[in-house]
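Novice: starting from these lines, generate the structure:
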Amino acid sequence: MIATLADAQPVILMSIFKPLIVAVILVGWAKAVSFLDKDLAYFFLPQRVWNGIQMAAGITGFGLWLVIPYFWVGMVVALVVSGGSIVGYAIYRNEQVPPKAKWTMSWASITKRWDQMQQEQAQRRATVAILGKGGQKLEVPTGDDPRTKAHMTLEDVLNYALPRGADRVDIMADAKQGGLSVQIDGVRYPQPGLDPTVIMTLIDYLKEHAGLDLAERRRKLTGQVRVDTTETGQHVLSLTTYGSTRGLNMGIEFDPESRTWHEYDQLGLLPNQRKQLEDALDSQEHGVVLVTCPPHQGLTTSLYSLLQRHDPYTQSAITLEDNIAFEVAGFRHHQIEPASEAQELVKQLEILLRQDPNVVMISSLKEPPVAKVIAGSADETRFYVGMTQEDTFAALNVWAQMVGNTADAANSLAAIVSARLLRRLCTTCRVPYKPNLEVVRKMNVPTDRVTEFYKHSGQVIIRNESKPCPDCLGLGYRGRVGVFEVMPFDGESRTLLGQGNVDGLRAHLRQRQVLWLQEAALAKVVDGTVSISEITRVMSKDPNQAAPPQAGAPGASGTQGAQT
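Specialist: Sure, this is the predicted structure:
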């Protein structure tokens, strides 16, 4: 026997693959025996006896493999001996267990088990799971299910968007093409074109889980889907779908409540602006506060943040909104009916005012009759009124025209607040540079106070190699900050406005050290929060324009780096 073993070893070891084959089969046999051990325990079968049989068969089979001088012959013998004991156990157990628990070797059972294994693997690999009404994870579609590619696309989109703090995703599909863009910090990042069939299936997939009518292709529908992601946790997807003759569209907003609600202290007002606004508001408990900005520049957030200054349990507070972003405990929320006429809005507002509220928030002012009712009630109620205008003077001009009487418009005002949202520079990868002193002088900033400005990068240097920034994931920005123009009204301001003396009003506000919007934005440049290029972008006609290629975005590469 010693001679035989000596002869067998060179045969086995002459190839590096043969020991690997032995190891694989040995591991497979060990797992099979472990599974049988659990099965024995579950059905209370003679565990010691059968474990002994399996061990004896295994030792015998693998021992013969080593003894037989021909590798492949020995392998067959080992499989027959060790596998025979497993087959014998299967026959024995099928006689002992209930019919439903019996093992079968039909092709249908093998296929079913294979599908189950594929499904289990798909669930483990999935990085995004849709949650049911009870919070349980729903199964991920697999195999030939037409929704499989749709779910994979959803995973790709969310895994790109959510870690970067995206605001929303816009999806469009027609017969010829599918389009998708991710909006991050107010800037659109178009994604590569996708198969329109997959995009259409994705829209229906999300509509199905939101409980929306799949057959409805034209009318506007809204709903919500909750998802759980491996990287960023649980999120609420707020869906809006609508169709046209061209195709079907869906907008997805992420966690709308948390994005709308910001603490007043974190709104972004400069210290001087905050004092001016609070002095104007605290000097009287009534009057109109106009809050204005272009679309998608923080109007709803600003309105809700100003509402936080009021305690809903000691003051009666009412809102009248186009769309209720979310309901705040203690506030009474009312929604404006779609396509309401001016007189219907007036009637709805008058009914609310008969309840003697202390505070009323109106999300959007568009009709002069509504403005007249607000101005007529401003001596008893605090109003926060949203407008989509460029700055405080534009809002002031529209307000005066809507009210129809300049003196009444002036006397009703407590303050006007204009807002913009600027992307914050990522502090990890921002790049410092020395500014042009002439530019600094034009900003009305003493040149001895500024030694450097910052610009975005999106790249860091790690071991002398440029890499996407781990914090902003290559975008160069992380989050947004509000900048404001605050116009507080006192007695002289109202007098000047009532006289139509706009130049005098400007001079008076300048004497009170009121900062214009661009000056407030430049203050954020000086402290390193934002860049000059970001101010230029936001102050342009389209602050939500598509972003140029950024580091970390698809198809882009960074060129600048910050040492880390």
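
Novice: mind listing what the nearest residue to residue 41 once chain neighbours are set aside touches?
Specialist: With sequence-adjacent residues excluded and distances taken as CB to CB, 6 or more residues apart in numbering, residue 41 is closest to residue 47, at 6.0 Å. Using the backbone N, CA and C atoms, a C-beta is placed for each residue, glycine as well. By CB atoms under 8 Å, 6 or more residues apart in numbering, the residues touching residue 47 are 37, 40-41.

Novice: I'd say residue 360 and residue 320 touch.
Specialist: Yes. Between residue 360 and residue 320 there is a contact under CB atoms under 8 Å: 7.0 Å.

Novice: what's the overlap in contacts for these two?
Specialist: Common neighbours of residue 360 and residue 320 (criterion: CB under 8 Å, 6+ apart): residue 352.

Novice: which of the two has more neighbours?
Specialist: For residue 360 versus residue 320, the count of surrounding residues by other CB atoms under 10 Å is larger for residue 360: 24 against 21.

Novice: what bridges to that one?
Specialist: Beta bridges link residue 360 to residue 318, residue 383 when assigned by DSSP bridges.

Novice: mind checking how far it is from residue 385?
Specialist: Separation of residue 360 from residue 385 (CB to CB, to the nearest Å): 9 Å.

Novice: could I get the pLDDT score of residue 345?
Specialist: Note for residue 345: predicted pLDDT of 89.

Novice: and for residue 513?
Specialist: pLDDT, read off for residue 513, is 92.

Novice: let me know whether my guess that it is in a helix holds.
Specialist: No. Looking at residue 513 with DSSP: H, G, I helix; E, B strand; the rest coil, it is coil, so not inside a helix.

Novice: close enough to count as contact, it and residue 270?
Specialist: No. Judged on CB under 8 Å, residue 513 makes no contact with residue 270 at a distance of 10.9 Å.

Novice: okay, these two: which has more neighbours?
Specialist: Neighbours were counted for residue 513 and for residue 270 using other CB under 10 Å; residue 270 has more, 17 against 9.

Novice: is it true that that one touches residue 515?
Specialist: Yes. Using CB under 8 Å, residue 270 is in contact with residue 515, at 6.9 Å.

Novice: overlap in contacts of these two?
Specialist: residue 523.

Novice: list the buried residues of stretch 139-155.
Specialist: 140-142, 147-155 (16 or more other CB atoms under 10 Å).

Novice: closest to residue 279 out of these?
Specialist: residue 154 (49.8 Å; CB to CB).

Novice: ok, now which ones touch residue 409?
Specialist: 375, 399-400, 402-403, 497.

Novice: tell me the predicted confidence for it.
Specialist: Confidence at residue 409, expressed as pLDDT, is 94.

Novice: with residue 61 instead?
Specialist: 89.

Novice: then residue 339?
Specialist: pLDDT recorded at residue 339 is 69.

Novice: next one: stretch 295-313 to chain centre, how far?
Specialist: 21 Å (CA atoms, centre = their mean, to the nearest Å).

Novice: and that stretch, how far apart are its ends?
Specialist: Start-to-end span of stretch 295-313 (CA to CA, to the nearest Å) is 32 Å.

Novice: ok, and for it, which residues are buried?
Specialist: Buried, per 16+ other CB under 10 Å, within stretch 295-313: 297-307, 310, 312.

Novice: for residue 206, state which of those residues is nearest.
Specialist: Comparing the buried residues of stretch 295-313 against residue 206 with CB to CB places residue 300 closest, at 23.7 Å.

Novice: and that closest one, what helix or strand is that in?
Specialist: helix 299-307 (DSSP states H and E).

Novice: swap in residue 227?
Specialist: Going by DSSP H and E, residue 227 is in strand 221-229.

Novice: so how far is that strand from its chain's centroid?
Specialist: 11 Å.

Novice: do the same with stretch 150-159
Specialist: Here stretch 150-159 is found 13 Å from its chain centre; the criterion is CA atoms, centre = their mean.

Novice: could you give the mean pLDDT of it?
Specialist: pLDDT averaged over stretch 150-159 gives 93.

Novice: list the contacts of it.
Specialist: Residues outside stretch 150-159 that contact it (CB under 8 Å, 6+ apart): 126-128, 140-141, 169, 180, 182, 191, 194, 198-199, 201-202, 204-206, 227, 229, 231, 235.

Novice: filter these down to the ones in strands?
Specialist: Residues of the contacts of stretch 150-159 located in strands (DSSP state E): 128, 169, 180, 182, 227, 229, 235.
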